[in-house]
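Peer 1: Got a predicted structure plus its sequence, pasted below:
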Amino acid sequence: MKWTAEQEQSAARNIRKAEQDARAEIAGWDVAEDVVRRRPVRVERTRAGSVDRLLLAVEALEEYAAQDESRSEARLAAQRARGHLHRVEGHLWKLAMSARRIVRVEARKLSCSLLGEDDLIQEGYIGLMRAAKRFDPDRGIRFGTYARWWVRAQMTRALETSGRTVRLPGGAVEQIRNLKQAAARMEQMGIEFDLSDLAAETGIELARASLLWSQGGVVSLDQPDQEGLSVGDRIAGEGRDVRPDLTAIDMQAWTRVDDIFGAVLNEREQMILRRHFGLQGEDARTMADIGKSIGLSRERVRQIEVKALQRLRRAI
């Protein structure tokens, strides 16, 4: 059933009201206030960023209350705030799904051989949730109109990242699109052209246009060259026990893990994840063993790990 503008505005105001109620519950608790008042980095200077900080503040208050059984007042405040956040999630989902027809329309337009309609629909739902999180009912715009741009942006980003064998930056993808559109216009007009003409038409340097036009062609490791040797054969010939491709990937992956761990998790959370999953040479250990080594119960270790993994998922 299609929602009216009044229904959309009412849902958005209910979301704001539930957020305000959650904020009121944690007011006065320093451990939560420190998170809410934290100076945001560039990517957090949005309404969605403030909502994420509110969630982190509630989690901080929950952890503070769990450290001492006598902190019952803090625990009750965190529970009430968590209940308001559940209301927020419910209203967000209802508002987002009120415009789900947009997702199928956009998915039909953008589906291709590399990314099918079903995959794009899933990406579109992510775009709807992002739109619902940021929608302002007081701007006088319909949610469907606002959400369409978020859905299209999410699908386009998925095509640029998942729909290619080798990922290209968003700016490069846009320039490739401009080159192809210029070529299509010239073909339609019956004008003979070469790559230099396309570069001049789009304002892209010829050397860059040449690279973009080829889109960084991918060569298989098994594809033979003029001498009959594949890239894989040459790597094996230069060092049979060395896989530079896997080594580089492995190093980049661990560097990424370290960066995210340091930015998102505290030292105790990092230690628990490294020991439990056996990361970077650590022997995998049970939660009970980890709890004994740091003076916590197995259940408390599990709670800390669950919250740490939730933070990591939001950061990735």
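Peer 2: Thanks, I have the structure now. Numbering: from 1, shown residues only.
Peer 1: Around E6, count how many other residues there are.
Peer 2: 9 (other CB atoms under 10 Å). Any C-beta I mention is one placed from the backbone N, CA and C, and that applies to glycine too.
Peer 1: quick one: which helix or strand includes it?
Peer 2: Using DSSP states H and E, the element containing E6 is helix 5-26.
Peer 1: Also L115?
Peer 2: Assessed by DSSP H and E, L115 sits outside every helix and strand.
Peer 1: who does the helix holding E6 touch, helix- and strand-wise?
Peer 2: Helix 5-26 is packed against helix 30-36, helix 47-66, helix 72-97, with contacts defined by 3 or more CB pairs under 8 Å, 6 or more residues apart in numbering; DSSP states H and E.
Peer 1: cutoff 10 Å now
Peer 2: helix 30-36, helix 47-66, helix 72-97, helix 117-134, helix 143-162 (3 or more CB pairs under 10 Å, 6 or more residues apart in numbering; DSSP states H and E).
Peer 1: For Q310, which of the ones you listed is the nearest?
Peer 2: Q310 lies closest to helix 47-66 among the helices and strands packed on helix 5-26, at 8.2 Å (CB to CB).
Peer 1: now that closest one, how far from the centre of its chain.
Peer 2: On the basis of CA atoms, centre = their mean, to the nearest Å, the separation between the geometric centre of helix 47-66 and that of its chain is 19 Å.
Peer 1: average model confidence for stretch 111-130?
Peer 2: For stretch 111-130, mean pLDDT is 84.
Peer 1: from now on call the first residue 619
Peer 2: Happy to do that; since the first residue is 619 now, the last one works out to stretch 729-748.
Peer 1: re the thing from before, adding mean neighbour count, write the helices and strands packed on helix 623-644 out as a markdown table.
Peer 2: Below are these laid out as a markdown table (neighbours: other CB atoms under 10 Å):
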| stretch | mean neighbour count |
| --- | --- |
| helix 648-654 | 17 |
| helix 665-684 | 19 |
| helix 690-715 | 18 |
| helix 735-752 | 20 |
| helix 761-780 | 19 |
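Peer 1: right, so of these, which gets closest to R918?
Peer 2: Nearest to R918 among those is helix 665-684 (6.9 Å), distances taken as CB to CB.
Peer 1: average model confidence for that closest one?
Peer 2: Mean predicted lDDT for helix 665-684 stands at 84.
Peer 1: helices and strands around it, which ones?
Peer 2: With 3+ CB pairs under 10 Å, 6+ apart as the test, helix 665-684 has helix 623-644, helix 648-654, helix 690-715, helix 735-752, helix 916-933 packed against it.
Peer 1: follow-up on the earlier one: in the helix holding E624, what's buried?
Peer 2: 626-627, 629-630, 632-634, 636-637, 639-641, 643-644 (16 or more other CB atoms under 10 Å).
Peer 1: circling back: tabulate the helices and strands packed on helix 623-644 in JSON lines, adding columns for distance to V723.
Peer 2: Formatted as JSON lines, these follow (distance: least, CB to CB, whole Å):
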{"stretch": "helix 648-654", "distance to V723": "39"}
{"stretch": "helix 665-684", "distance to V723": "24"}
{"stretch": "helix 690-715", "distance to V723": "15"}
{"stretch": "helix 735-752", "distance to V723": "9"}
{"stretch": "helix 761-780", "distance to V723": "9"}
